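Enquirer: Any chance you can model this:
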Amino acid sequence: MNLNSIPRPLVELHPGQTGRVVALAGPSREVRLRLRALGLRPGARVRLLGRGPGGPVRIEVEGCCLALGAGVARRILVAPETEDQG
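Expert: Next up is the predicted model:
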């Protein structure tokens, strides 16, 4: 088993790294619906663009750049991709 593909919170990706959304673990139903409307749904490919210390997490999903609060980003579980997967 490749330990790099174990799902982890989105905030644990390195800047520039991509992953596939596995689950939205815990936000309220309204937040999950909003995230899905923004393209963050299981199977979606995301790239971490950057994050501030305790501040917003910047990502790219479906060609759009988004900023999420760190608390929400911690609840988005992703399976990191390796270079040969991307």
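Enquirer: can I assume R20 is in contact with R41?
Expert: No: R20 lies out of contact with R41 (Cβ atoms under 8 Å); the separation is 10.5 Å. Bear in mind the C-beta positions are built from the backbone N, C-alpha and C, glycine included.
Enquirer: Could you pull out the residues contacting both of these two?
Expert: Contact with both R20 and R41 is made by no residue, according to Cβ atoms under 8 Å, 6 or more residues apart in numbering.
Enquirer: need the contact list for the residue lying closest to G26 once chain neighbours are set aside.
Expert: Distance criterion Cβ to Cβ, 6 or more residues apart in numbering; nearest residue to G26, sequence neighbours excluded, is R75 at 4.6 Å. Taking Cβ under 8 Å, 6+ apart, we find R75 in contact with 9, 24-27.
Enquirer: can you tell me the helix or strand for L35?
Expert: Using DSSP states H and E, L35 maps to helix 29-37.
Enquirer: Point to the helix or strand of the chain where mean pLDDT is at its lowest.
Expert: Every helix and strand of the chain was ranked by mean pLDDT, DSSP states H and E. The lowest is helix 29-37, at a mean of 88.
Enquirer: Going along the chain from it, find the next helix or strand for me.
Expert: The helix or strand immediately downstream of helix 29-37 is strand 45-51, counting by DSSP H and E.
Enquirer: Which pLDDT value belongs to the residue most central in space within the chain?
Expert: The C-alpha lying nearest the average C-alpha coordinate of the chain belongs to L10 (Cα atoms, centre = their mean; 3.9 Å). On pLDDT, L10 comes in at 94.
Enquirer: ok, it - contacts?
Expert: 19, 46, 48, 57, 59, 68, 73-74, 76-78.
Enquirer: Can you tell me which of those residues lies closest to R36?
Expert: Among the contacts of L10, I76 lies closest to R36 (Cβ to Cβ), at 11.1 Å.
Enquirer: ok, now how distant is T18 from R45?
Expert: Separation of T18 from R45 (Cβ to Cβ, to the nearest Å) stands at 6 Å.
Enquirer: which residues do those two both contact?
Expert: What both T18 and R45 touch, as defined by Cβ under 8 Å, 6+ apart, is the set E81.
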